[in-house]
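In: sharing a model prediction with you, sequence too.
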Amino acid sequence: MKHRHLIIALSIFLSQTVFSAFGDDSFVVTSTESTKEGSSTDSINNIQVNPEIYSMQINANVSNRYARTLITNKVRNLKDKSKETTFSVILPENAFISEFEMEIKGKVYKAYVKEKEEAKKIYQQAVSSGQSAAHVELSARDSKTFTVSVNIEPESKTIFRLVYEELLQRRIGQYELVINIHPGQVVKDLGVQVYINESRPLTFVKTPSLRTGNEISKNDEKLNPSAEIEVINNNSAVVKFTPDINQQTTFAENLGGNKENGLAGQFVVQYDVERDPQGGEVLVKDGYFVHFFAPSELDPLPKHVVFVLDHSGSMSGRKIDQLIEAMQNILPQLKPEDLFNIIRFADDASVWNSVENKFVPVNINSRNYGSLEPHLKEANLSRAAEASSQNIENVKNIVKDKSDMGLTNIIAGLEIGLFLIKRTQEHTPNKYQPLLIFLTDGLPNVGMHSGDEITNTVTKLNSGTTRAPIFSLSFGSGADKNFLQKLSSQNLGFSRHIYEAADASLQLQDFYNTISSPLMSNITFKYVDSVSDVTNVRYPILFKGSELVVAGKTGENSDLLPQVYGTCTTGRVIFNTTRTEPVSSIERLWGYLTVQQILKERETADNKTELTKKSLDLALKYSFVTSVSSLVVVKPNQTDAVDSQTATAKSPSERFVPSAPGISGPPVPRSGLFAAPRLGGGPFYHRYGGYSAQSSSIFRASPRTLKWRPDSGGPRFYTTRRPYTITASTPTTTTDISSLTSSETLPQWLEDLKKNNESITTPQGSFQLGQKGAVTTRLNCPSTPTNTTGVCTIIFDCPEVFKLLTDINVYLKYFCQLNEYAGVCCPVKQETTPSA
């Protein structure tokens, strides 16, 4: 018997979700559709039997707005044979995992954080020494999932413990701690306890209705958690939520799920603290400080809002209706002292004329984008309209117009919007706070086609004293979220994703509510010279209900009392601060905030080397799992050695994994995804995934049980399905697609295109969908959704990949052109060589 180790290395780096499992000689990649296939079942009556989660306890400790959450799952297998169990956690989008351990047979196996390249070396060393190992490199934004699956021996127990940390963000006047609960079964001992201990008095603590996480919802008495809230003193409270079995099944049904699967939703704790009316509070301890700034006695600034709205053909149908509905509710929220413009862009752009109450096209005639100002000055564009009740009523009617929907000329809309802002600022300097709200559902396909070129052009135009924050909204799966994130981050704003769901209009309204009341602009925090390693001290704007947070090291002088400079309705102001004693250490808060800021800078930096090193050093110091660090688990296994032949289809540098359904982004290079046959103890596999976003998110998804979409996306948890297997073979390895059953059910995005008789817009142009059998020519293509070579066919002639083409971004990876038609690289069934 030889001493062996099983090593799982986890790194959040790329932008897809891949689920890996170790079979005797197989590596499995699963889709995200729920199915019984591959699940543990009893041979009697084919009834699904999973190991029992007999206890699930979630304990969160919140101090100085910094939350540390511990999740403990205790699982037992009462059967007389081994059973697989899965520990899965949905994490808030900005949380960092900091601890993970498993307790098996009384032994604790603790994870540790390594640099991701070092994790690869650990994998390679394990394989070369004959050990079973896996290294999975994944990333996701908007929210993240963490999943570990292991085999539990007969009549034995396993305990999982996971800790994640996050700085709670104040939004619309409150902090929210969101705890996702989805054990997948009813749990006899289920409990959540949240301990809040703040440096300032609490103004309220409450627990709203449980949420599905799928959409914005109002409070529902049927989903009232009836949590126990115990106020300890002015600054502290404990919240307890302990639903019994009957309550769990009732909540499950009221949340739209299956009661047998138990509670699947979000438990939320909301609270706020008393505010310093001036420069905020500064907490100092052990050489570190944090400064919270949210003044309570400022009037909103008058604002000039420019809406730049996508009016392209892809917006037709439900999306344009939801946008119209949202504008009907957003426009009346403008205050009489505000100004606004509305621009629609399709082939060109049109500007709403308040006098004529119509959209007037701007004739650009393919002029040089980035240099349109002289032409726009001659175009006699309508000036910004006052937000009077009459103007609001007029424009509410005109935005209902759906005519002239065409291509997607993003640069035209943005350049005209910035011109209108600049003109207003020149005529009324320093009177109105400019805000540009930009919404699109697709990719630019006329004017400028490159997202980077648009970003560079817009950033150059948006400079000087008239610089305006740009807030970008990506609507649906066709939008390039990375482009919009970069555009906004380089132009003083942030981006958010709007999901194609029944509540899309509410999502738009919710976003507008967060930015509708600017209180201060051009904000600067000034500290004594002895402070160091300070996070961002300059902010373009502060909105009502939010908060600015700065942290740093105090040096030898701990008596710092900074000042805050900014512009409000009365002009330039200086605020003094109040020092408050922290209730706990603030070093980890500083580390968290610093890592988050560096990683954000890294996303848009041309040279990432120095920023990568800085973020990695801190991530390793504080054991944060980030996009530059990996989580490594080592599990000793006293079993006989087995053949360590790896099960891979191609060399690591040649393999690509298609995106998981619902996730946009480039294909995942499999250079960081490896597997070797499992040891006798059974499979052990790990997944960490998620989706993109912004400073705050609402998680949402389709109404299926345990499927989630983000804010925020929010998180998604997928039950496991194994659509195809890459098997070890001799002498070569091929992809077995025999398990890919043909499906006549089109993915929703494709169904919508077919129903509306729309074309598909790709970077190569627009193409028709065509009909089944429209093109009989078969051309070879390099990569199919099953990682094989294939032939280019009309989409409808390849039903076996329907389930894999979960959104248009996934499809575009396998797009091929058939004359005027959009094709897909379709796999060709082939014999699988028997395993050795």
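Out: In hand now; what should we look at?
In: C-alpha from now on. contacts and neighbour counts both.
Out: Will do.
In: in a helix, Gly493, correct?
Out: No - using DSSP: H, G, I helix; E, B strand; the rest coil, the assignment for Gly493 is coil, not a helix.
In: residue contacts, it?
Out: By Cα atoms under 8 Å, 6 or more residues apart in numbering, the contact set of Gly493 is 469-472.
In: and the residues you listed, which of them are in strands?
Out: Residues of those located in strands (DSSP state E): 470-472.
In: dump the contacts of Gly493 to TSV, plus distance to Leu443, neighbour count and pLDDT.
Out: Below are the contacts of Gly493 laid out as TSV (distance: Cα to Cα, whole Å; neighbours: other Cα atoms under 10 Å; pLDDT from 0 to 100):
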residue	distance to Leu443	neighbour count	pLDDT
Pro469	21	21	96
Ile470	18	27	97
Phe471	17	25	96
Ser472	13	25	93
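In: out of the residues you listed, who's nearest Tyr195?
Out: The closest of these to Tyr195 turns out to be Phe471 (Cα to Cα; 35.1 Å).
In: the closest one: what's it in contact with?
Out: Phe471 touches 435-438, 488, 493-496, counting by Cα under 8 Å, 6+ apart.
In: how far away is it from Asn329?
Out: According to Cα to Cα, to the nearest Å, Phe471 and Asn329 sit 18 Å apart.
In: quick one: which two of the contacts of Gly493 are the most distant?
Out: Greatest spatial distance among those (Cα to Cα): Pro469 and Ser472, at 9.8 Å.
In: next, show the common contact partners of these two.
Out: With Cα under 8 Å, 6+ apart, Pro469 and Ser472 have common neighbours 488, 493.
In: show the pLDDT at Ala728.
Out: Looking at Ala728, its pLDDT is 25.
In: swap that for Ser627, sorry
Out: For Ser627, pLDDT reads 87.
In: so it is in which element?
Out: Assessed by DSSP states H and E, Ser627 sits outside every helix and strand.
In: what's the distance between it and Pro336?
Out: Applying Cα to Cα, the value for Ser627 to Pro336 is 45 Å.
In: which one of these two has more residues nearby?
Out: Ser627 (21 against 13; other Cα atoms under 10 Å).
In: now do the phi/psi pair for the more buried one.
Out: Backbone dihedrals for Ser627, given as degrees, to the nearest 10, come out at phi -70, psi -10.
In: tell me the one of the ones in strands among the contacts of Gly493 nearest Leu753?
Out: When the ones in strands among the contacts of Gly493 are ranked by distance to Leu753 (Cα to Cα), Ser472 comes first, at 24.6 Å.
In: who does the closest one form a beta bridge with?
Out: On the basis of DSSP bridges, Ser472 is bridged to Phe438, Ser495.
In: for Val62, same thing?
Out: Assessed by DSSP bridges, Val62 has beta-bridge partners Ala67, Ile196.
In: same thing with Thr147?
Out: Ser88, Arg687.
In: which residues touch Thr85?
Out: Shown in contact with Thr85 (Cα under 8 Å, 6+ apart): 50-51, 75, 149-152.
In: do that again at 7 Å, thanks
Out: Contact analysis of Thr85 by Cα atoms under 7 Å, 6 or more residues apart in numbering lists 50-51, 149-152.
In: quick check, Glu165 in a strand?
Out: Yes - judged by three-state DSSP, Glu165 forms part of a strand.
In: begin at 36, not 1, for the rest of this chat.
Out: Happy to do that; since the first residue is 36 now, the last one works out to Glu200.
In: report the contact partners of it.
Out: With contacts defined as Cα under 7 Å, 6+ apart, the neighbours of Glu200 are 102-104, 130-133.
In: and Arg103, by the same measure?
Out: By Cα under 7 Å, 6+ apart, the contact list for Arg103 reads 95-97, 198-201.
In: and the closest residue to it other than its chain neighbours, what are its bridge partners?
Out: Distance criterion Cα to Cα, 6 or more residues apart in numbering; nearest residue to Arg103, sequence neighbours excluded, is Glu200 at 4.6 Å. For Glu200, the beta-bridge assignment (DSSP bridges) gives partners Arg103, Phe131.
In: one more: Arg206?
Out: Gln209.
In: for it, give its distance to Ser252.
Out: 17 Å.
In: and for Glu201?
Out: Distance from Glu201 to Ser252, by Cα to Cα: 24 Å.
In: those two: who's more crowded?
Out: Between Glu201 and Ser252, counted using other Cα under 10 Å, the more crowded position is Glu201 (23 against 13).
In: mind listing what the more buried one touches?
Out: Glu201 makes contact with 101-103, 129-131, according to Cα under 7 Å, 6+ apart.
In: and for Gln313?
Out: Contacts for Gln313 (Cα under 7 Å, 6+ apart) come out as 330, 610-612.
In: pop out the phi and psi values for it.
Out: phi -110, psi -110.
In: nearest to Glu638 among the contacts of Phe506?
Out: Nearest to Glu638 among these, with distances taken as Cα to Cα, is Ser523, at 12.3 Å.
In: next, count neighbours for that closest one.
Out: Number of residues near Ser523 (other Cα under 10 Å) recorded here: 21.
In: can you check Ile843 too?
Out: Ile843: 23 surrounding residues under other Cα under 10 Å.
In: would you map out the domains in the chain?
Out: For the chain, automatic domain parsing gives the domain ranges 39-306+658-762, 312-333+555-611, 338-551, 770-862.
In: out of those domains, nearest to Asp652?
Out: Closest to Asp652 of those, according to Cα to Cα: domain 39-306+658-762, at 9.0 Å.
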